[in-house]
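In: sequence unavailable; structure follows:
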């Protein structure tokens, strides 16, 4: 039975804290003590047109939040709560909501449509609300239904289609829904709101229309109605229709050929003459076609037979002579008042992004169509022309061959460097972006081609280090150019020495840029530090160790200074945290660089105590970003100092403990798990005194339904790191760790193979379980290997399961092959009985031996040797 809750809903929005808290407490108690009654009362409140708008609004919000949540574990909990409610109560709630869909109050109707869709997402797949679709469609067919009800019904159908899966409906239901939607979109529908709602609903229903799109007659009719809507007199209907066409381009590329002439005509008219929101969707249509063709090309490239499941219609190549000029025209439609830092999407940006995709799709063919535009506009007095020409040039640098690009880039580089003194900030911004694209894509000394030579490097850097003093948004793009310039010298052999003389000036300029106070609203500081880190990472250490030593001291000093900053507000605290995070990130990279060769590692060892004190002080801050960066830096320090890290453990352990329990900021938890691995490798069995506490926390993390699933694979890998470090002492954890690993391996078998995200997660989980087994087997090898004999059959079953899975990635194969070798290495002749009738083992080894991946081939050769040795042992 519904209760009167209006006053509590109003009081829960009171500006008075006590009134608000009291009302929230009462509502919370009602929910906890009688969930069915609570939900019914909310639905009745929402349905009553006589109630205040404020109470109805909050009732709707609470209803939605009682059925759905972003966090998967919370969502599952809410679904189970709804499923457990008695059918009679659920029927009352649903009936009330369906009534509200027809409310004359637009906000209530809109909210009810969303809540109906949330319930549908739970019930339709369970076949628990079979009458929903029929009752909604009845609203559309009844002659007396007012337009407002038809519009609300269309909106509700759209939301339902968005929430449920296409296999949840039978084809008759799909046909009926599409018929109603297409009728609502038709030019004969005179009500603008109904037609708009129907057009939006079609966008959500397209996934259900596969059978209909395979039928030429039905497909023709749907496309006719969508194209008519794209020419409607109302801009919002035209926009929604083009959004439909964008989705159709992605979902039904294979059947678009007969419609492409009409679609080019529609999109071209929209781009040239329509309102910007409509024109943006028209450009997005061509971007979607590019995405589809790039995917098809990738399938052709990697497919062993050279076949793709979808024929390549080459729509972009065929449209190129008219499509490219249309896109180039959009580049001239910049918004003069547009602030480059505000991230607003406009016609020029959309056109440039689409041009980038076109270049990647057709390669060399785009160059002769774009370069005349560049040459005609690059020197004009009107800034829009210069900026558009530069943007066009930068947009075609990925896709065409180096042979096609190198003459024009070599010729244009000097021009672009000269343009870095242009008086217009838009031109400067785009020129700096174009330079960064050139250095990213056409500067690779290690592969034998680079636009940067010893002859022009000095001038390039002189221009960049002067331009980095420009406005913050320009300086940020210049940081990007320096970033890619430095990156090109990574693993470049003798060529990396070309950069060495300039590194002190580059680092000084970047530190000055990071210290600028005029870039508070931009990403300038983080860009400057990211670039500094890349310069450090790619520098020739033999030639720059003294420079890195000085940089280490400078960054440590800067971090120390952050502790004495006057913090007067929450914003000030945030800024302090961001700065500390950037500095910790830089320290991590410098430590890794200096510890990569023994000669330079002494620099770290001399100041390790001071560095550790700084990191411990950072942990006094409460920002998760700082904790992440400081944790990562501590992992690097542990690697650098090795067993000497033991002296820091007593003080550091409490922060590690906190990190391992940080479920809410799960990235911090994941990084803390990784740091445990780093410390294990540094300390070996000296970590033993801390292992009880660490293992307890890791096991608790694995058991938690609250912790984000992405943290769980690293925990299994960490078991392997701990076992490898402490050897036979891991025995006491076996009874806890092994059942967890076996349970997780069984979960892998039940995961949805149709969901790409779940396949990736499953691969991570499998690899980490194999890594755990490998670490434990290696740890026990010399003393307690027999402890693993009872667990070996389950491990082999798991390997067999994985070996049969075509969706495993190479890292999983490598880990499975490695654990086979570890099993043979640790158990010796005891494996003879286990390896009977295990054809999958030899198949997996053969796959590894025939792989193009040298590391996998090497691992398979080693594993085969270990198994051969075990079988040759008499026993």
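Out: Structure's in. What do you need? Computed from a predicted structure; not experimentally measured.

In: output the below-cut-off pLDDT ranges for the stretch 251-400 of the chain.
Out: Under the criterion pLDDT under 70, the flagged ranges of the stretch 251-400 of the chain are 302-309, 336-343.

In: ok, the chain next?
Out: By pLDDT under 70, the weakly predicted segments of the chain are 1-2, 302-309, 336-343, 519-522, 622-625, 751-754, 873-875.

In: can you tell me which residue is nearest the centre of it?
Out: Taking Cα atoms, centre = their mean, the centroid of the chain lies closest to residue 757, which sits 10.7 Å from it.

In: which helix or strand contains it?
Out: Secondary-structure element containing residue 757, defined by DSSP states H and E: helix 756-780.

In: surely residue 445 is in contact with residue 489?
Out: Yes - if you go by Cβ atoms under 8 Å, residue 445 and residue 489 touch, sitting 6.6 Å apart. Heads up, the C-betas are built off the backbone N, CA and C, glycines and all.

In: mutual contacts of those two, please.
Out: Where contact means Cβ atoms under 8 Å, 6 or more residues apart in numbering, the residues bridging residue 445 and residue 489 through contact with each are 495, 496.

In: more crowded one of these two?
Out: In this view residue 445 and residue 489 are compared by other Cβ atoms under 10 Å, and residue 489 has more residues nearby, 25 against 19.

In: my read is that that one contacts residue 498, right?
Out: Yes - in terms of Cβ under 8 Å, residue 489 counts as a neighbour of residue 498; the distance is 7.2 Å.

In: list the buried residues in stretch 808-826.
Out: Residues 808, 811-826 are the ones in stretch 808-826 that count as buried (16 or more other Cβ atoms under 10 Å).

In: do the same with stretch 247-265
Out: 247, 248, 249, 251, 252, 253, 256, 259, 263, 264.

In: cool, stretch 82-89 as well?
Out: Residues of stretch 82-89 classed as buried: 82, 89 (neighbour count, 16+ other Cβ under 10 Å).

In: how distant is it from the center of its chain?
Out: 37 Å (Cα atoms, centre = their mean, to the nearest Å).

In: distance of the residue nearest to the centre of the chain relative to residue 764?
Out: In this structure, residue 757 lies at 11 Å from residue 764, with Cβ to Cβ, to the nearest Å as the measure.

In: for residue 690, give me its contacts.
Out: Here residue 690 is in contact with 649, 653 (Cβ under 8 Å, 6+ apart).

In: and the gap between it and residue 637?
Out: Counting by Cβ to Cβ, the gap from residue 690 to residue 637 is 17 Å.

In: kindly report the same for residue 323.
Out: According to Cβ to Cβ, residue 323 stands 54 Å off from residue 637.

In: swap in residue 152?
Out: Noted for residue 152: a distance of 61 Å to residue 637, by Cβ to Cβ.

In: tell me the contacts of residue 73?
Out: 705, 706.

In: can I take it that residue 144 is in a strand?
Out: No - when the secondary structure is assigned by DSSP: H, G, I helix; E, B strand; the rest coil, residue 144 falls in coil instead of a strand.

In: burial count for it?
Out: 5.

In: buried residues, the lengthiest helix in the chain. List them.
Out: Longest helix in the chain by number of residues, with DSSP state H as the criterion: helix 276-302. Across helix 276-302, burial judged by 16+ other Cβ under 10 Å covers 278-293, 296-297.

In: and the residue nearest to the centre of the chain, how far is that from residue 710?
Out: Note on residue 757: its distance to residue 710, by Cβ to Cβ, is 11 Å.

In: please apply the same query to residue 703.
Out: Here residue 703 is placed at a distance of 16 Å from residue 710 (Cβ to Cβ).

In: same thing with residue 772?
Out: Taking Cβ to Cβ as the measure, residue 772 falls 17 Å from residue 710.

In: more neighbours: the two, which one.
Out: A count of neighbours by other Cβ under 10 Å puts residue 772 above the other of residue 772 and residue 710, at 27 against 13.

In: mind listing what that one touches?
Out: If a contact means Cβ under 8 Å, 6+ apart, then residue 772 has 716, 717, 719, 720, 723, 737, 741 as its contacts.

In: need the nearest residue in space to residue 646, chain neighbours excluded.
Out: Counting by Cβ to Cβ, 6 or more residues apart in numbering, the nearest residue to residue 646 once its immediate chain neighbours are dropped is residue 686, at 5.0 Å.

In: that neighbour contacts residue 644, correct?
Out: No - here residue 686 does not reach residue 644: they are 10.1 Å apart, not a contact under Cβ under 8 Å.

In: for the next helix or strand after the longest helix of the chain, packing partners?
Out: Scanning forward in sequence from helix 276-302, with DSSP H and E defining helices and strands, the next element found is helix 315-330. When contacts are defined as 3 or more Cβ pairs under 8 Å, 6 or more residues apart in numbering; DSSP states H and E, helix 315-330 sits against helix 260-273, helix 276-302, helix 347-362, helix 367-377.

In: how about 10 Å then?
Out: Under the contact criterion of 3 or more Cβ pairs under 10 Å, 6 or more residues apart in numbering; DSSP states H and E, helix 315-330 touches helix 260-273, helix 276-302, helix 347-362, helix 367-377, helix 383-395.

In: make CSV out of those and add distance to residue 542.
Out: Formatted as CSV, these follow (distance: least, Cβ to Cβ, whole Å):
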stretch, distance to residue 542
helix 260-273, 55
helix 276-302, 39
helix 347-362, 38
helix 367-377, 41
helix 383-395, 35
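
In: nearest to residue 41, out of those helices?
Out: For residue 41, the closest of these is helix 276-302, at 40.2 Å, according to Cβ to Cβ.

In: now the helices for the stretch 451-600 of the chain?
Out: Secondary structure of the stretch 451-600 of the chain by DSSP state H, counting those that start in this stretch: the helices cover 454-467, 472-487, 503-514, 524-538, 541-562, 570-594, 598-618.

In: and the ones you listed: which comes nearest residue 728?
Out: Go through these one by one with Cβ to Cβ and the one that ends up closest to residue 728 is helix 598-618, at 30.8 Å.

In: buried residues in the closest one?
Out: Buried residues in helix 598-618, defined by neighbour count with 16+ other Cβ under 10 Å: 600, 601, 603, 604, 608, 611, 612, 614, 615, 616, 618.

In: following whichever strand or helix holds residue 158, which helix or strand shows up next?
Out: Using DSSP H and E, residue 158 falls within helix 147-163. Using DSSP H and E, the helix or strand that follows helix 147-163 in sequence is helix 171-185.

In: what's the helix or strand that that next one is followed by packed up against?
Out: Once the chain leaves helix 171-185, the next helix or strand it forms, by DSSP H and E, is helix 192-205. The contact analysis (3+ Cβ pairs under 10 Å, 6+ apart) places helix 192-205 against helix 106-123, helix 147-163, helix 171-185, helix 216-229, helix 235-251.

In: what's the angle between helix 192-205 and helix 106-123?
Out: Compare the direction of helix 192-205 with that of helix 106-123 by axes from the mean of the first three to the mean of the last three Cα atoms, to 10 degrees and you get 20 degrees.

In: and helix 192-205, how far out from the chain middle?
Out: Taking Cα atoms, centre = their mean, the mean C-alpha location of helix 192-205 is offset from the chain mean by 30 Å.

In: contact partners of the helix or strand following that helix?
Out: Moving toward the C-terminus from helix 192-205, the first helix or strand encountered (DSSP H and E) is helix 210-214. Under the contact criterion Cβ atoms under 10 Å, 6 or more residues apart in numbering, helix 210-214 has outside partners 166, 171, 174-175, 178-179, 182, 205-206, 218-219, 221-223, 248, 251-252, 254-255.
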